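Peer 1: I would like the atomic coordinates for the input below:
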Amino acid sequence: MARLPAEFEFVVDKLVFGGEGLGYFEGRPIFVVGVLPGERVLVVPARVSSKFAKARLLKVVEPSPIRIEPQESQYLSTSPWQIMPVTNQQQFKIDLVKEVFSKFASLPVPDVELTPSTTEWGYRNKMEFSFAVDEKNQLALAFHQRYSWKIFVIANKVSIAHPLINEVANKIIAELKGRDIPLSKLKNLLVRYSYYQNKCLAALYVTDEKFTPFNINLPELSGWLVVYSDPKSPIAKTTEILHQTGSAVLVEKVGDKLFQYGYESFFQINPPSFMLAASRMLELAQPHPQSLRALQSGGGEIAAAACGDLAMTSGDGVLVDLYAGAGIIGMLLADKYKQVVSVEFDPAGTLAAKANIKLNQLKNVELVGGRAEKEGLPSILSGADTVVVDPPREGLHQKVVEKIIEAKPKQLIYLSCNPATQARDWKLLSEKYQATHWELFDFYPQTPHVESLIVAVPRE
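Peer 2: Sure thing, here's the model as predicted:
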C-alpha cells in the first residue's frame, strides 16, 4: 500500500470492540480513538502496518449529532467515551458485545440486559499517574497518549477518579515541586482509594535506588510508600521499598464482608457497581441446581434471563473459585456452600486471600496457591458443584476450559472484564454447557469497557 500522508481526513464507519472508530483511507483500514460513527476526522498516522493503521485524532471536521464536550483535556488517555451521553455508551456496549459473541463464539446472540453503574463519574478507586513538565517548566501529573510515548499534562483532576484521589494526587505533586525533585528521578504515582475507610494509599515510584525518601503527612492517607522501580522496566513495579509510613494495604467492604489488598494487588475498580454483579451471583449461585431452563434464540442457547425455580440447600455443596485474586467472589458466596476452594497464582493475591479468610473468620474456605491450569485441576474440580471463574483480560487458559468440560460441574459462573476472550472461551464451553443467565454490567462509564456475567449448567 501507498505511504500515508502526514495528516489526512476520513469518515468513521463504525465503532469496533475496544472502543476505536474504524474507517478507510485509500482502501486501508484506519483505527482511531475518540470518534463516533459518521464523523469526518483529521488524523495523523501513529502505528502503520501493511494491512491497517492506527491514527491519533487531531480534529473532528464534521461531528456526530450525539457528540458532547468532554470534561477534560486528557480524556483520550483516560476515558475516551466522554464524547457521548451514557445512554449511547451503554447501547454501543450492548451492540459490540453481541457482535463479538456472534463472531468469536459463532452463535446467534439474543438480547442482553445491561445494568448501569451506580455513578457515572468519580467511581475509580485506583489511578496511576506519569510525570511531565508543563508549559511553565513545572513538574506536573500526566498520562501517556495512546499509540505514543508523548504525554498529556493534566489540569487538576481526572473526572472518572474518586474525588479524594484527585485531592491527594494534587497535594503530592505540590510536595514534590516544593522539594524541587527533578523529573528524571520520578517514574509513576499510584493512588488507591477505599470506600470503606474513606482513605487513600499512595506509592511514589522512583528510578534512583539512592533516592532520598521523605515522609508526607496527609490526613487523607492511610499509607505512604516510596518505591524504587527498575528504570529498565517500562511498568511501575516494586524493586525495593525505600520508605513506608502507615499501612501498605487498604481494606474495602463488599456486601457483608471485609477485604484487604496490597498496594500493587488486583482489586475491583468500581466496588459499589461490582456489588451489583456480586448480588446477582449470590442470587443465582446454586449448590444443587435441579430445575433448569435455558432460553432458545435462533438456534443458539445463550439465555438472556435467569433460570426458573432452582433448588438450593443452604450451606451445602462445594464451590471452586478459580483466578480468585483476593478471594472476593468465593468468600461472598461462602455462606451458601459447605466448602469453598479458592485458587490464585499471584503471590500478592494469595497473601491477601489468606488475610481475608482470617479477617472474615471463614472456616469453610480453603486456599490453593498456584496457576489455575497447573494446580491439580482434575482433583480440585472433581467434587465441585459450582465453579466460578473471573480471569484477567486474557481469559481462561485452554487447559482450564478443557478441565472444566471434563469435570462437568453442576453450575458454571463466568465473570469477565473482556467479553471478547469470554466469547472465545464460551465457544468451547457451550459444547457442553447452556447458559441460564447472561448480563452486562457497566463498571466503567465513559470508557468502552464492560463486564459480562454468564451463568451456565451442563446440557441435558
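Peer 1: Let's test this: name the helix or strand in the chain with the lowest mean pLDDT.
Peer 2: Within the chain, no helix or strand scores below strand 151-153, which has a mean of 73 by mean pLDDT, DSSP states H and E.
Peer 1: and the next element down the chain from that strand?
Peer 2: Using DSSP states H and E, the helix or strand that follows strand 151-153 in sequence is helix 163-178.
Peer 1: Show me what the helix or strand encompassing residue 282 is packed against.
Peer 2: Secondary structure assignment for residue 282, by DSSP H and E: helix 271-284. When contacts are defined as 3 or more C-beta pairs under 8 Å, 6 or more residues apart in numbering; DSSP states H and E, helix 271-284 packs onto strand 113-115, strand 249-254, helix 328-332, strand 411-416, strand 433-441, strand 451-458. In short, each C-beta sits where N, CA and C put it, glycine included.
Peer 1: from the middle of its chain, how far away would that helix be?
Peer 2: The chain centroid and the centroid of helix 271-284 are separated by 15 Å under C-alpha atoms, centre = their mean, to the nearest Å.
Peer 1: now swap in stretch 37-54 and tell me
Peer 2: Distance, centroid of stretch 37-54 to centroid of chain: 26 Å (C-alpha atoms, centre = their mean).
Peer 1: Please verify my assumption that residue 254 contacts residue 277.
Peer 2: No. Residue 254 lies out of contact with residue 277 (C-beta atoms under 8 Å); the separation is 10.6 Å.
Peer 1: secondary structure class for the closest residue to residue 330 other than its chain neighbours?
Peer 2: Closest residue in space to residue 330, ignoring its immediate chain neighbours: residue 321 at 3.2 Å, by C-beta to C-beta, 6 or more residues apart in numbering. Assigned with DSSP: H, G, I helix; E, B strand; the rest coil, residue 321 falls in the strand class.
Peer 1: how far away is residue 321 from residue 68?
Peer 2: Per C-beta to C-beta, to the nearest Å, residue 321 is found 41 Å from residue 68.
Peer 1: what about those two, which has more around it?
Peer 2: Taking other C-beta atoms under 10 Å, residue 321 and residue 68 do not tie; residue 321 has more neighbours (32 against 12).
Peer 1: I'd guessed the more buried one sits against residue 334; true?
Peer 2: No. If you go by C-beta under 8 Å, residue 321 and residue 334 don't touch, sitting 9.3 Å apart.
Peer 1: Give the residues shared as contacts by the two.
Peer 2: The contact sets of residue 321 and residue 334 overlap at residue 340 (C-beta atoms under 8 Å, 6 or more residues apart in numbering).
Peer 1: Can you tell me who the residue nearest to residue 330 pairs with across the strands?
Peer 2: Using DSSP bridges, the bridge partners assigned to residue 321 are residue 342, residue 388.
Peer 1: excluding its backbone neighbours, what's nearest residue 275?
Peer 2: Using C-beta to C-beta, 6+ apart, the closest residue to residue 275 is residue 254 (5.8 Å).
Peer 1: With just CA atoms, put stretch 38-51 into CSV.
Peer 2: Taking Å, rounded to 0.1, in the frame of the first residue of the first chain, the C-alpha atoms of stretch 38-51 are listed here in CSV:
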residue,chain,number,x,y,z
GLY,A,38,-20.4,9.1,10.7
GLU,A,39,-17.8,11.7,11.7
ARG,A,40,-15.3,13.1,9.3
VAL,A,41,-12.0,13.5,11.2
LEU,A,42,-8.5,14.8,10.7
VAL,A,43,-5.8,12.4,12.0
VAL,A,44,-2.1,11.7,12.0
PRO,A,45,-0.6,8.2,11.5
ALA,A,46,0.6,6.6,14.7
ARG,A,47,1.2,2.9,14.0
VAL,A,48,1.3,1.8,10.4
SER,A,49,1.4,-1.7,9.0
SER,A,50,0.9,-3.1,5.6
LYS,A,51,-2.7,-4.1,6.3
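Peer 1: Give the buried residues for that stretch.
Peer 2: Buried positions in stretch 38-51, judged by neighbour count with 16 or more other C-beta atoms under 10 Å: 38, 39, 40, 41, 43, 44, 45, 46.
Peer 1: any weak-confidence spans in this protein?
Peer 2: 1, 107-108, 149, 155, 289-314, 370-375 (pLDDT under 70).
Peer 1: orientation of the longest helix that it contains relative to strand 451-458 in degrees?
Peer 2: Assignment by DSSP state H gives helix 86-104 as the longest helix of the chain. Interaxial angle of helix 86-104 relative to strand 451-458 (axes from the mean of the first three to the mean of the last three C-alpha atoms, to 10 degrees): 40 degrees.
Peer 1: what's the angle from helix 86-104 to strand 433-441?
Peer 2: Angle between the axes of helix 86-104 and strand 433-441 is 160 degrees (criterion: the same axes, to 10 degrees).
Peer 1: Name the residues that touch helix 86-104?
Peer 2: By C-beta under 8 Å, 6+ apart, the surrounding residues in contact with helix 86-104 are 15-17, 66, 81, 84, 107-109, 112, 114, 116, 120, 302, 419-420, 423-424, 426-427, 440, 442, 445-446, 448, 450, 452.
Peer 1: Mind doing that once more with 7 Å?
Peer 2: Residues outside helix 86-104 that contact it (C-beta atoms under 7 Å, 6 or more residues apart in numbering): 15, 17, 66, 81, 107-109, 112, 114, 116, 120, 419-420, 423-424, 427, 440, 442, 445, 450, 452.
Peer 1: List buried members of those residues by neighbour count.
Peer 2: 15, 17, 81, 107, 109, 112, 114, 116, 419-420, 423-424, 440, 442, 445, 450, 452.
Peer 1: Assess the claim that residue 143 and residue 73 are in contact.
Peer 2: No. Contact criterion C-beta atoms under 7 Å: residue 143 and residue 73 do not qualify, at 10.2 Å.
Peer 1: Identify the contacts common to these two.
Peer 2: Counting by C-beta under 7 Å, 6+ apart, the contacts common to residue 143 and residue 73 are residue 152.
Peer 1: and those two? which has more neighbours close in?
Peer 2: When neighbours are counted by other C-beta under 10 Å, residue 143 comes out ahead of the other of residue 143 and residue 73, with 20 against 11.
Peer 1: For that one, list each beta-bridge partner.
Peer 2: Counting by DSSP bridges, the residues bridging with residue 143 are residue 152.
Peer 1: got a list of what it touches?
Peer 2: By C-beta under 7 Å, 6+ apart, the residues touching residue 143 are 74, 77, 78, 130, 151, 152, 154.
Peer 1: One more pass at 8 Å, please.
Peer 2: 74, 77, 78, 129, 130, 151, 152, 154 are the contacts of residue 143 under C-beta under 8 Å, 6+ apart.
Peer 1: most surrounded residue in those?
Peer 2: The most crowded member of the contacts of residue 143 is residue 154, carrying 24 neighbours; neighbours defined as other C-beta under 10 Å.
Peer 1: Would you mind confirming that that residue makes contact with residue 142?
Peer 2: Yes. If you go by C-beta under 8 Å, residue 154 and residue 142 touch, sitting 6.2 Å apart.
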